[in-house]
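1. predicted model and sequence follow; I will ask about them next.
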Amino acid sequence: MKHYLIPPDKIPRMCESLRERGEFAFDIETADNGHPNGGLDPHRGELRLLQFAKTPDVAYIVDTRTLDRPSMAHITTLLEDPSVEKIIHNGKFDCKWAMKHLGADVRNVFDTFIVSRLLSRGDKTDRHGLGYVVERYLGRQVDKSEQRSDWGASELTEKQLEYAARDVCVLPDLKEEMVTQLEHHKLMGVAKLENDIVPAMAALELNGFYLNPSRWRQQTTAAAKKHAKLTNELQDMFYAGSRQTGLFGRVEIDLGSWQQVSVALKSLGVPMDGNSTNAEALEEFTGKFPVVDKLFEWREYNTQITRYGNNVLDLINPVTGRIHADFMQIEAPSGRMGCGKPNLQNIPSSDEYRTCFTAPRGKRLVVADYSQIELRVLAEYSRDKAMVKSFCSGADYHAATAAQVFGVEMDEVTPDQRSFAKRVNFGISYGAGPGRVAKLTGKTIEETEELLAMFFAALPDMDKYLRKAAWTTLRSRQSRTMSGRIGRWAHLDPEEHKHSLKNLGKNFPIQGTAADIFKRGLFLIHEALRGTSAKMVNLVHDEYVLECDTKDADRVAETVTKLAVQAGEEYIKLVPVVVDTKIVKEWSKE
DNA sequence: AGGGCGAGCCAC
DNA sequence: AAACGTGGCTCGCCCT
């Protein structure tokens, strides 16, 4: 394998050559620029090397320190050219740096990291680092020892250049083998869906979400005060109730320890079944035992300060002043995304927290979310006439369902009937049974069984579809979404895990197809808004959050709504796809 | 000391 | 007998 360091005057020729086969492999090396972990943060680190490979035997290497403006523009144009495919391993990383340091919003990516996750079809034991993937698909070993070497050195060593070349040269072969396997498993369609959004995921992370730190701090301080007061009061209650007076004065229990809390509650006479102290187990004692009410209150504030306190503030990037969370494009086997550091997908929905995330001065947030997307997917799969009718009527779906179930007119539906329908509608695609629904609705099991029978009788095709989905998955231990994404549970014994498999069979296609739609929408939106003031700043399963100049907000909202609906309509034909969009200064639920 | 695990709880 | 799907984070507890 040869490698050439390309000087600026040879870059046009290099770019020309890289276009010849319609695809090339791309990789980068970064330096920390004197910041701890700066080599992972495009806002602080230095983009040092660009590596290109058209074939497995030759790598072109560009040292960005030698780049001038015209040669950089050549590379940017090439990276943005949709007619040339870039094979990258974990393209989210490279695209972020290309965007920040070269101004390139990369197009047409084949991401061997993402494709590896797809080919694993939900097997969480598979690892997807380049070394593992090359070993798994090509049976070759890769030496990663230079990965953490000093890429900020003024003179890079021959060893470093060789490493950089090897990393990029393995990718064309890897892609070829992966395409064979994608075709074999009929995963080419979903591979395109996923590869398309890699640059959008990069942009999302690079942009970050603005969090108002003083407002957040204020919120945390208020919670800490209440927490301290409640801690005292709770300790008093537990102490007063304990028979042991204690030779050494008051013995405090650790309120965060469920074992200790369990013992303490029992000593106060709370007739608990087992040792569980979770909300569900203690719910029946609220209003009867003041200590239980107090405990719930304490936990609320405890969660607020431990989970959402300073930990989130510590994650504000010192350069941008924003939160650049870590989004994982394929985290759940269903295709749903994951997010961490911090998890922007489970910020409490109450206004106290959400409204701390704001649009900076002169900007607005455009928040668009799919309405009832999973139920619409279920309607599409099942072709259930009653479901389709309810959705097509455009009326309140839960009320419309209740009307069908209870055989009354829409305006005769009681709040109780609507509430029951709503609970069942939410639980249905998860496979919730009578026991769970009874708990949710506060009715008896017998009553719930009767109502559920009415529910399924009113929606017979939905019932039929869910049963079929459950049984086929139990038999095959595999399921697909509409895009063709595969989930498989070969490790689950069908006898032992019968119930889980059946519920997975019901839920996987629904949750997964909703994720397919969401990802397709993300791609369309990213493409349509490239070069505008609009930037994606958060994604929460069925909600897009964008930030844009105030003057552009109306147009951005219109575009996002149109394209999100369009994405939904590529999959859902029988019922309308509805996206609710609002323009706000602060993030909020309503 | 640090890893693994489960409880508990936040989101959709 | 009953059985609610997908995640992440922080804590206490238990182990090595």
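-> Sure thing, it's come through.
2. may I have the secondary structure class of the nearest residue to A:Tyr353 once chain neighbours are set aside?
-> Nearest residue to A:Tyr353, sequence neighbours excluded (Cβ to Cβ, 6 or more residues apart in numbering): A:Ile347, at 5.3 Å. No exception for glycine: its C-beta is placed from N, CA and C like everyone else's. Using DSSP: H, G, I helix; E, B strand; the rest coil, the structure places A:Ile347 in coil.
3. contacts only, for the residue in the stretch 101-250 of chain A that DNA strand C sits nearest to.
-> The nearest approach of the stretch 101-250 of chain A to DNA strand C comes at A:Lys124, 6.7 Å away (Cβ to the nearest atom of the strand). Contact partners of A:Lys124, counting by Cβ atoms under 8 Å, 6 or more residues apart in numbering, are A:Pro333.
4. what does A:Asp552 give?
-> Neighbouring residues of A:Asp552 by Cβ under 8 Å, 6+ apart: A:532-534.
5. residues in contact with the one residue in chain A that gets nearest to DNA strand C?
-> For chain A and DNA strand C, the shortest gap (Cβ to the nearest atom of the strand) falls at A:Gly435, measuring 1.8 Å. Shown in contact with A:Gly435 (Cβ under 8 Å, 6+ apart): A:Ile445.
6. okay, it and A:Thr473: tell me how far apart.
-> 21 Å (Cβ to Cβ, to the nearest Å).
7. one more: A:Ala153?
-> Distance, A:Ala153 to A:Thr473, using Cβ to Cβ: 54 Å.
8. settle it for me: which of the two has more neighbours?
-> Neighbour totals were compared for A:Ala153 and A:Thr473, and A:Thr473 leads with 26 against 11 (other Cβ atoms under 10 Å).
9. nearest residue to the more buried one in space, please, no chain neighbours.
-> Nearest one to A:Thr473, counting by Cβ to Cβ, 6+ apart, is A:Gly505 at 2.7 Å.
10. whichever strand or helix holds the one you found near DNA strand B at all?
-> Element membership for A:Gly505 (DSSP states H and E) is helix A:498-529. No. Shown here: helix A:498-529 not in contact with DNA strand B (Cβ under 7 Å from any atom of the strand), separated by at least 7.7 Å.
11. pull the contacting residues for A:Gly321.
-> With Cβ under 8 Å, 6+ apart, A:Gly321 has these contacts: A:Tyr210.
12. equivalent analysis for A:Arg48, please.
-> A:Arg48 makes contact with A:28-31, A:63-65, A:151-152, A:156 under the criterion Cβ under 8 Å, 6+ apart.
13. restricted to helices, list the residues you listed.
-> Nothing among those maps onto helices, per DSSP state H.
14. top of those by number of neighbours, please.
-> A:Glu29 (27 neighbours).
15. that older thread, would you check that the residue nearest to A:Thr473 makes contact with A:Ser479?
-> Yes. Here A:Gly505 reaches A:Ser479: they are 5.7 Å apart, a contact under Cβ atoms under 8 Å.
16. coming back round to it: phi first, then psi, for the residue of the stretch 101-250 of chain A closest to DNA strand C.
-> The phi/psi pair for A:Lys124 (degrees, to the nearest 10) reads phi -80, psi -10.
17. with A:Glu409 as the reference, measure out to the residue of chain A closest to DNA strand C.
-> Noted for A:Gly435: a distance of 32 Å to A:Glu409, by Cβ to Cβ.
18. format the contacts of A:Asp552 as CSV; extra columns: pLDDT.
-> Listed next are those as CSV, based on pLDDT from 0 to 100:
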residue, pLDDT
A:Thr532, 97
A:Ser533, 98
A:Ala534, 98
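19. of all these, which comes closest to A:Arg361?
-> Among those, A:Ser533 lies closest to A:Arg361 (Cβ to Cβ), at 13.5 Å.
20. who are the contact partners of the closest residue to that closest one other than its chain neighbours?
-> Setting aside the residues directly before and after it, A:Ser533 is nearest to A:Asp549 in space (Cβ to Cβ, 6+ apart), at 3.9 Å. By Cβ under 8 Å, 6+ apart, the contact list for A:Asp549 reads A:362-364, A:533.
21. now, which of these lie close to DNA strand C?
-> Among the contacts of A:Asp549, no residue sits close to DNA strand C (Cβ under 7 Å from any atom of the strand).
22. out of those, which end up buried?
-> For the contacts of A:Asp549, a burial check counting by 16 or more other Cβ atoms under 10 Å picks out A:363-364, A:533.
23. how about A:Gly91, what does it touch?
-> Listed by Cβ under 8 Å, 6+ apart, the contact set of A:Gly91 reads A:106, A:109, A:111, A:113-114, A:198-199, A:202.
24. and those residues near DNA strand B, which?
-> Among these, proximity to DNA strand B is found for none (Cβ under 7 Å from any atom of the strand).
25. highest neighbour count among the residues you listed?
-> Counting by other Cβ under 10 Å, A:Pro199 has the largest number of neighbours within those, with 30 neighbours.
26. residues in contact with it?
-> Counting by Cβ under 8 Å, 6+ apart, A:Pro199 touches A:91, A:95, A:99, A:105-107, A:109, A:526.
27. about what we covered before: format the contacts of A:Arg48 as a markdown table; extra columns: pLDDT and distance to DNA strand B.
-> As requested, the contacts of A:Arg48 are exported to a markdown table (pLDDT from 0 to 100; distance: Cβ to the nearest atom of the strand, whole Å):
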| residue | pLDDT | distance to DNA strand B |
| --- | --- | --- |
| A:Ile28 | 96 | 29 |
| A:Glu29 | 95 | 27 |
| A:Thr30 | 95 | 25 |
| A:Ala31 | 95 | 26 |
| A:Asp63 | 97 | 36 |
| A:Thr64 | 96 | 35 |
| A:Arg65 | 96 | 36 |
| A:Trp151 | 92 | 26 |
| A:Gly152 | 92 | 27 |
| A:Leu156 | 92 | 32 |
